[in-house]
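Asker: The sequence and its predicted three-dimensional model are supplied below.
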Amino acid sequence: MSNEYGLSQFDHEMRKFEAALVRGILIQAAGNICQAARLAGMHRNTFGRKVYAHKIDIRECRRIAKQQRQSVC
């Protein structure tokens, strides 16, 4: 069974999971690709390609990280 993107349900769910994981790591690293890649255990170019592939907004991740830091204080 395929969805509108031609992916199986499993592939679709894996893409969603990977996108959420990459976004979470990027927020944890305050939008810093190099630091996020180190946290993920991969090369920065590979991590950057994943950010691009999932259309993750780095500026939004930085904003969220900043808000989280402010709410802790």
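Answerer: Here it is on my side, so go on.
Asker: for this protein, what helix or strand is lowest in average pLDDT?
Answerer: Each helix and strand of the chain was given a mean pLDDT (mean pLDDT, DSSP states H and E); the minimum falls on helix 58-72 at a mean of 92.
Asker: Pull out the buried positions in that helix.
Answerer: Going by neighbour count (16 or more other CB atoms under 10 Å), the buried part of helix 58-72 is I58, C61, R62, I64, A65. Every residue, glycine included, has its C-beta placed from N, CA and C.
Asker: do the same with stretch 17-36
Answerer: Quick answer for stretch 17-36 (16+ other CB under 10 Å): 19, 22-23, 25-33, 35-36.
Asker: One more: stretch 38-54?
Answerer: A40, F47, G48, K50, V51.
Asker: Give the rounded mean pLDDT of that stretch.
Answerer: Averaging pLDDT along stretch 38-54 yields 97.
Asker: thinking again about what came up before, point out the other helices and strands that the least confident helix or strand of the chain packs with.
Answerer: helix 9-28 (3 or more CB pairs under 8 Å, 6 or more residues apart in numbering; DSSP states H and E).
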